[in-house]
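In: Test case, fold it:
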Amino acid sequence: MTPDARAQPGETSPADGSGPRELLAYRSAQGRWVVAAMIMGSSVAGIDSTVVVVALPAIGRNLHVGFGALQWTVTSYTLTLAALILLAGSLSDRWGRRRVFLVGLGWFTGASVLCAAAPGIGWLRAARAVQGIGGALMTPASLAIIEAAFAPADRTRAIGTWAGFSGVSAAIAPFLGGWLLQAGSWRAIFLINVPVAAVTGWATRRHVPESRDTSAAGRADWAGALAGVAALAAITYAIIVLPSGGVTAPRFAAAAVLAVVSSAAFAVAERRGSHPMLPLTIFRPAPFRAANAVTFVVYGALGGFAFVFIPALQIIAGYSPVVAGSALVPVTAVTLLLSGTSGRLAQRIGPRPQVVAGCLVCAVAAVLAVRIGSRAGYWTVVFPLAVLFGLGLASLVPPLTATAMNSAPDSVAGLASGVNNAVSRVAGLLWIAALPPLTGLTGAAYTDPAQFHSSFTQISWICAAAFAGAAVLAATSITEPGRPTPARPALIQTPVPHLTCPVAFGRAPGQTRRPDISPTNDPSRAADPPSPDGH
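Out: Reported below is the predicted structural model:
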C-alpha cells in the first residue's frame, strides 16, 4: 500500500495508484480482524503495566534491592513512554501506522524477553526503558489505525469495541499476574507478552491495511525528543535522591544541572524547530493551561497512590498477589460504565461542577485508605474506597479531558489531546518518584509492615490534600462554556493503567470542524463522524 495524491489525509490507496482504498465496514471480516488485532496490541502493553506493580514485592525479594530500585522499574518505562509518545505519533503518520505499530510491537516484545531474563535490577530497569519506547510506538498507532481504516459511520463503534475489550484485559491482568506470581516466578509476567504479541503480529500483517497522513511533511523532531528524555530522566533522578542526600549532595547537584540544561535545550528546540512535536504556542489559551494544571495534580496523585496501594495490601494487610492486584478492578469497572453518562451530563451543565465533585470524592477515598492495616477486610475497607475512586474518576475525567481538547483551536485539537495525555503520564512519573522517598519508603523499609504502613498513611494524606487542592484549582480556573454545544464522540485515557473509554462531549463555541479522516498523534481521542447538520 502506498499513499495516493488523491487520498485525503490519513487514507491509503492501492499500490497501483488506482485510487483511494475503500474504507472498512465494522461488520466485515477484515474490519473485525483489524479491531481484534488492535485489541490484542493494546492488551500487550496494558497487561504488562498492570502486573508489574503487583510483582514489585516479589522482584524486590528475589533481586535483593531497595525500594528506590523498584521505583525505577516503573519510572524508567513511564519516562520513555511519556517523552516519546508525541514523536511516535508523528512518525506513524509519516512512515505508515501499521509499519510503526509492528515495529513497536516487536520492540516491546523483545524488551519483555530481556526483562524476563534480567540477571539484576540494572538490566531490568534498562529493559523496562526499552519497553517504554515500544509502548510509545504502539500506543498512538493502534487508535490511528482504526480511525484511518473504518468508514465514518462505523468508526465510533469500532473504537468503542476496542476500548471496551481493552478494559476487560486490564481487569483480567491482575488475576493472571497474581496467579503467575503464586505459581511460579515474577519473570513469567513478562513472558506472557510473547504469545499474544506473536498472534497480534500475524493478524496485523495479514489483515490490517497500511495508512499514512499524506499531508505530513518535514523532519521528525529528534532533537526535541532527545532533550525531553534527558530532562525527564534528570528531574526524576534528582527527585528520588534529594530526600536522602539533600541539595548539597553531588548526585543531586549533577542531576539538577543536567535537568536545567536539557530543559532549556528542549525549550529552544521546540521554539526554533520547523516541525516541533510540542509547539509552545499551544499553551497560550488560559483554559488549556488550567485544564492541564488540574490534570497534572489529579493524575500525579492518582499515579503516586496506585503505585503504593497494591504493594501495601500485600505487605501491610497480607493479601495474596491475586487479591491485591484485583483490588483496583472496581475502579476500572465503575469508570468504564459511567464515563459516557458523565460526559453527556458535563455537556449540559458544564465541566466545572463535575471536575470539582470528582476531585472531592477522590479526596475522600484517599482519606479512607488510611484505614488499611494488618486486619483490613476487603469488603469493609478496600472495596468502598475503590468504588469511590471509580465514581470520582468517572465524574472528573471526561469533562477535564474535554476542557483540554475544546480550549484549543480545531486545527490542533489532536495535538492538544496528545499534550493532555502526555501531561498525565509525566505527572504520574514525577509523583511516583517523589512520594516514597519523601515519606521514608526507601531502602529495605518496604519489607517492614510497620514502616510501610507509616509511609502509606502519609502518602494517602498527601494525595487527599492534592485532590482537595485540585478541586479548588478547578473551581477557580476552569471556565464554563458560553452555550451548550453539540456532542461528539471521543476517546479518553483514564488513570487506571492503560484503560480507555469512549465518551461524548461538546465542542467549544465558535470552532469549526476538521475533516473526518484526520491524523492524530494522540492515543486518547477518536476522529469525528459527520454531524447531522453536515458541519
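
In: where in this protein is pLDDT low?
Out: 1-21, 167, 170-171, 214-218, 410-414, 480-535 (pLDDT under 70).

In: Give me the next element, helix or strand, following the longest helix seen in it.
Out: What stands out as the longest helix in the chain, according to DSSP state H, is helix 29-63. As assigned by DSSP states H and E, the chain's next helix or strand after helix 29-63 is helix 67-95.

In: which secondary structure elements does the very next helix or strand once past that following helix contact?
Out: Next in sequence after helix 67-95, counting helices and strands by DSSP H and E, comes helix 97-117. On a contact count with 3 or more CB pairs under 8 Å, 6 or more residues apart in numbering; DSSP states H and E, helix 97-117 meets helix 29-63, helix 67-95, helix 121-149, helix 188-191, helix 193-207. Every residue, glycine included, has its C-beta placed from N, CA and C.

In: just how off-centre is the longest helix of the chain within its chain?
Out: 13 Å (CA atoms, centre = their mean, to the nearest Å).

In: Show me where the stretch 251-400 of the chain has its helices.
Out: Ranges of helices within the stretch 251-400 of the chain are 286-315, 321-325, 329-349, 351-368, 383-406, based on DSSP state H, counting those that start in this stretch.

In: Could you export the helices and strands packed on helix 97-117 as JSON lines, including mean neighbour count?
Out: Shown next, in JSON lines, are the helices and strands packed on helix 97-117 (neighbours: other CB atoms under 10 Å):
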{"stretch": "helix 29-63", "mean neighbour count": "22"}
{"stretch": "helix 67-95", "mean neighbour count": "24"}
{"stretch": "helix 121-149", "mean neighbour count": "25"}
{"stretch": "helix 188-191", "mean neighbour count": "22"}
{"stretch": "helix 193-207", "mean neighbour count": "17"}
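
In: quick one: which of those helices is nearest A327?
Out: Among these, helix 29-63 comes nearest to A327, with 9.9 Å by CB to CB.

In: Packed most tightly, which of the helices of the stretch 251-400 of the chain would that be?
Out: Of all the helices of the stretch 251-400 of the chain, helix 383-406 has the most neighbours on average by mean count of other CB atoms under 10 Å, namely a mean of 26.

In: tell me the angle the next helix or strand after it makes with helix 383-406.
Out: Following helix 383-406 in sequence order, the next helix or strand is helix 413-438 (DSSP H and E). Angular relation of helix 413-438 and helix 383-406 on a 0 to 180 degree scale: 140 degrees, by axes from the mean of the first three to the mean of the last three CA atoms, to 10 degrees.

In: Okay, buried residues for whatever helix or strand comes next after helix 413-438 please.
Out: Sequence order places helix 449-477 as the next helix or strand after helix 413-438, per DSSP H and E. By neighbour count with 16 or more other CB atoms under 10 Å, helix 449-477 contains the buried residues 449, 451-460, 462-464, 466-471, 473-474.

In: Now find how far off-centre helix 449-477 is within its chain.
Out: 21 Å.

In: next one: stretch 89-97
Out: 19 Å.

In: Relative to the whole chain's centre, how far out is stretch 161-168?
Out: Taking mean C-alpha positions (CA atoms, centre = their mean), stretch 161-168 and its chain are 15 Å apart.

In: Tabulate the helices and strands packed on helix 97-117 (CSV), appending distance to L226.
Out: Listed next are the helices and strands packed on helix 97-117 as CSV, based on distance: least, CB to CB, whole Å:
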stretch, distance to L226
helix 29-63, 23
helix 67-95, 9
helix 121-149, 12
helix 188-191, 27
helix 193-207, 27
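
In: Minimum distance to A223: which of the ones you listed has it?
Out: It is, among those and with distance given as CB to CB, helix 67-95, at 10.5 Å.

In: Quick one: list the elements packing against the closest one.
Out: With 3+ CB pairs under 8 Å, 6+ apart as the test, helix 67-95 has helix 29-63, helix 97-117, helix 121-149, helix 222-245, helix 413-438 packed against it.

In: tilt between that helix and helix 97-117?
Out: Using the same axes, to 10 degrees: helix 67-95 against helix 97-117 is 160 degrees.

In: returning to what we had before: as CSV, the helices and strands packed on helix 67-95 with distance to I189 would be great.
Out: As requested, these are exported to CSV (distance: least, CB to CB, whole Å):
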stretch, distance to I189
helix 29-63, 5
helix 97-117, 8
helix 121-149, 12
helix 222-245, 24
helix 413-438, 19
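
In: For S374, which of those helices is the nearest?
Out: helix 29-63 (15.8 Å).

In: got the angle between that closest one and helix 286-315?
Out: Using the same axes, to 10 degrees, helix 29-63 lies at 50 degrees relative to helix 286-315.

In: Return the list of helices and strands in contact with helix 29-63.
Out: Helix 29-63 packs on helix 67-95, helix 97-117, helix 121-149, helix 152-183, helix 188-191, helix 193-207, helix 286-315, helix 321-325, going by 3+ CB pairs under 8 Å, 6+ apart.

In: Distance to A346 added to the ones you listed, as JSON lines?
Out: Shown next, in JSON lines, are these (distance: least, CB to CB, whole Å):
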{"stretch": "helix 67-95", "distance to A346": "26"}
{"stretch": "helix 97-117", "distance to A346": "31"}
{"stretch": "helix 121-149", "distance to A346": "22"}
{"stretch": "helix 152-183", "distance to A346": "18"}
{"stretch": "helix 188-191", "distance to A346": "37"}
{"stretch": "helix 193-207", "distance to A346": "35"}
{"stretch": "helix 286-315", "distance to A346": "13"}
{"stretch": "helix 321-325", "distance to A346": "32"}
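
In: out of the ones you listed, which comes closest to G273?
Out: Set against G273 and scored by CB to CB, those come closest in helix 67-95, at 11.7 Å.
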